[in-house]
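>>> Return a 3D structure for these sequence lines:
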Amino acid sequence: MFFSLYPEVYHRIRNSFYGWKLVGISLFTLTFSALVSFQGVGTFVVTLERHFGWSRTILSGAFSLTRAQGAALGPIEGVLIDRFGPRRMVFIGFLIMGLGFVLFGLIHNAWHFYITFVIISLGAGLGGWLAVIAAVNNWFIRHRALALSISMSGTHLAGLLVPILAISIESFGFRAAAIVIGVILLILAIPLGRVVRNFPEEYGLLPDGDTNDSPKEDLPHYEASKEPEPSFTLREALRTRSFWFIAIAHIASAVPIVTLSIHLVPKLTDIGLSLSMAGVIVATSTIIAIPFQFLSGYLGDRIPKPPLIFFFLIIQSASLFVIAQAQSLSGAILYAALFGIAFGGRMPLLFSIRGEYFGRKSFSTIMGMSQLPSNLLMIVAPLFAGYMFDKTHSYFVPFTVFALFNLLGASLILFAKKPQIPQH
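Have a look, this model is predicted:
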């Protein structure tokens, strides 16, 4: 009806650069996958603890096992994405995730939970975050940070849906919720496998919607596009200091976030908040994160990224200090505000800086190798947090340690300079 009334709008959308359509597809894909495999994990942790009486060390162990799996398979996943393309891997990944959630709804003991969580993690690794981000990275150069910031906002939109997931689990039980999620993932696999596209060059297009016959002076930010696009191999990237500085900064910021995805909701319920209110805190952080993610994407295409990343990592460290000591709703709200600013701001920058520094050809392989040390630390971090809670009945020590680690990453990112393009 709308398009019949406004045919010009329909014509413009239909004939617009497919890269921006892919951004919308990626936004939807990351919203749903992040809800069930990242943002909503804490709600399942609380429910399983209450249903089975498992300790948080046991529950954290499942996540640590998936990190061990990620450490072993992360580089392989990156190679597979570069070799076979994000399109095929999204299809395969969603099928595996769907199967994992259906099985999750049938668990009866801890080892069942561990196996299903590994299956879900495998699917998310093959066809979730990395594959989707790689696809967007392939379609943009000059507008890479902005495009990635829009796509990655799906992670924050997923946070807005956490209260709905929590209410669904409370109302219908985790088994019904998990099976329904699994069925939806299985259904989505087919259409997503058709609309995700690997490279614009495969369709006679160029990144950013440029054309070969366009006057270069008419292209926006042409001065920034005069420099040849880098095309580093994995081996060449590993030889640069910037690769390691970026990797450490990313690890320092990601390890706390992944640990919080498991332990934040339990922390909030420990200080007296209901499960639904804990979901509201997650949603509040998300609402704050979204505009700052768009802002960082806009700025990241125009000014150097390392100082911007430093700024957001300092704020994230402050948020971790706050949640380590929070004992009331007011502390939780302050944490949500600071964390939202930091999480929203740093995400697109830490991914787009790799595309800017190392190019598109081996982006997934380089990202996969970057995830190896990160995943190794993620094996220990959730277990450390769960163990310290079981021993001290507090998250103060682990959250404070993560805050200090975050400060280390913030300092190193300032030394990540753009490497010289290798001569092939």
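
>>> Where does the prediction get shaky in the stretch 201-350 of the chain?
Scanning the stretch 201-350 of the chain for pLDDT under 70 picks out 212-227.

>>> try 80
211-229, 258, 261-262, 275-276, 279, 282-283 (pLDDT under 80).

>>> could you pull out the strands for the stretch 201-350 of the chain?
Using DSSP state E, counting those that start in this stretch, no strands are assigned anywhere in the stretch 201-350 of the chain.

>>> which stretches of it form helices?
222-225, 234-238, 241-270, 275-300, 305-325, 329-358 (DSSP state H, counting those that start in this stretch).

>>> wait, which of those is closest to residue 403?
Checking these against residue 403 by C-beta to C-beta gives helix 305-325 as the closest, at 3.6 Å. Using the backbone N, CA and C atoms, a C-beta is placed for each residue, glycine as well.

>>> sorry, back to before: make CSV out of the helices of the stretch 201-350 of the chain and add distance to residue 124 and mean neighbour count.
Shown next, in CSV, are the helices of the stretch 201-350 of the chain (distance: least, C-beta to C-beta, whole Å; neighbours: other C-beta atoms under 10 Å):
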stretch, distance to residue 124, mean neighbour count
helix 222-225, 34, 12
helix 234-238, 22, 17
helix 241-270, 12, 23
helix 275-300, 19, 22
helix 305-325, 23, 21
helix 329-358, 16, 24
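
>>> Could you check how far the most centrally placed residue in the chain is from residue 324?
When C-alpha atoms, centre = their mean is applied to the chain, the residue found nearest the centroid is residue 129 (5.7 Å). Applying C-beta to C-beta, to the nearest Å, the value for residue 129 to residue 324 is 27 Å.

>>> Over to residue 50?
24 Å.

>>> got it, and residue 421?
Using C-beta to C-beta, residue 421 is found at 43 Å from residue 324.

>>> and what of residue 44?
Separation of residue 44 from residue 324 (C-beta to C-beta): 23 Å.

>>> ditto for residue 204
Looking at residue 204 against residue 324, where the rule is C-beta to C-beta, the gap reads 53 Å.

>>> same thing with residue 93?
34 Å.

>>> Then residue 113?
Residue 113 is 28 Å from residue 324, by C-beta to C-beta.

>>> now swap in residue 400 and tell me
5 Å.

>>> buried set for stretch 195-210?
196, 197, 198, 199, 200, 205, 207, 208, 209, 210 (16 or more other C-beta atoms under 10 Å).

>>> so residue 300 makes contact with residue 350?
No - counting by C-beta atoms under 8 Å, residue 300 does not reach residue 350; the two are 10.0 Å apart.

>>> With distance to residue 236 added, can I get the buried residues of stretch 195-210 in TSV?
Converted to TSV, those look like this (distance: C-beta to C-beta, whole Å):
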residue	distance to residue 236
196	28
197	27
198	22
199	21
200	24
205	27
207	21
208	25
209	29
210	26
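
>>> do you know how far residue 380 is from residue 240?
Distance from residue 380 to residue 240, by C-beta to C-beta: 27 Å.

>>> who's more crowded, those two?
residue 240 (19 against 14; other C-beta atoms under 10 Å).

>>> show me the contacts for the nearest residue to the more buried one once chain neighbours are set aside.
Distance criterion C-beta to C-beta, 6 or more residues apart in numbering; nearest residue to residue 240, sequence neighbours excluded, is residue 419 at 4.2 Å. Shown in contact with residue 419 (C-beta atoms under 8 Å, 6 or more residues apart in numbering): 230, 232, 237, 240, 241, 242, 243, 357, 358.

>>> Check residue 199 too.
Here residue 199 is in contact with 85, 138, 139, 360 (C-beta under 8 Å, 6+ apart).

>>> For residue 39, see how far away it is.
30 Å.

>>> do the same with residue 104
Relative to residue 39, and taking C-beta to C-beta, residue 104 is found at 16 Å.

>>> Between those two, tell me which one has more neighbours.
residue 39 (28 against 25).

>>> So for residue 143, what's the nearest residue that isn't a sequence neighbour?
Once chain neighbours are set aside, the closest to residue 143 by C-beta to C-beta, 6+ apart is residue 208, at 5.5 Å.

>>> Got a PyMOL select line for the buried ones in the contacts of residue 199?
Of the contacts of residue 199, the buried ones go into a single PyMOL selection, burial set by 16+ other C-beta under 10 Å:
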select buried, resi 85+138+139+360
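
>>> Export the contacts of residue 199 as CSV, with columns for secondary structure, pLDDT and distance to residue 330.
Putting the contacts of residue 199 into CSV (DSSP: H, G, I helix; E, B strand; the rest coil; pLDDT from 0 to 100; distance: C-beta to C-beta, whole Å) gives the following:
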residue, secondary structure, pLDDT, distance to residue 330
85, coil, 91, 48
138, helix, 93, 44
139, helix, 94, 43
360, coil, 89, 46
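
>>> coming back round to it: so which of the helices of the stretch 201-350 of the chain comes closest to residue 393?
helix 241-270 (8.2 Å).

>>> can you state the direction angle for the closest one and helix 329-358?
For helix 241-270 against helix 329-358, the angle by axes from the mean of the first three to the mean of the last three C-alpha atoms, to 10 degrees is 160 degrees.

>>> among the helices of the stretch 201-350 of the chain, which is nearest residue 157?
helix 275-300 (7.0 Å).

>>> I'd like to know which elements the closest one is packed against.
If you count contacts as 3 or more C-beta pairs under 8 Å, 6 or more residues apart in numbering; DSSP states H and E, helix 275-300 packs onto helix 41-52, helix 144-172, helix 241-270, helix 305-325, helix 329-358.

>>> wait, which of these is closest to residue 295?
Comparing those by C-beta to C-beta, helix 329-358 comes nearest, at 7.1 Å.

>>> In terms of secondary structure, what does the closest one contact?
helix 129-139, helix 144-172, helix 241-270, helix 275-300, helix 305-325, helix 363-392.

>>> And it, how far out from the chain middle?
A distance of 11 Å separates the C-alpha centroid of helix 329-358 from that of its chain, computed with C-alpha atoms, centre = their mean, to the nearest Å.

>>> Now do the contacts for residue 307.
Residue 307 neighbours (C-beta under 8 Å, 6+ apart): residue 414.

>>> And for the nearest residue to residue 301 once chain neighbours are set aside, the neighbour number?
Among residues not flanking residue 301 along the chain, residue 145 sits closest, at 4.6 Å (C-beta to C-beta, 6+ apart). Other residues near residue 145 number 25, with proximity taken as other C-beta under 10 Å.
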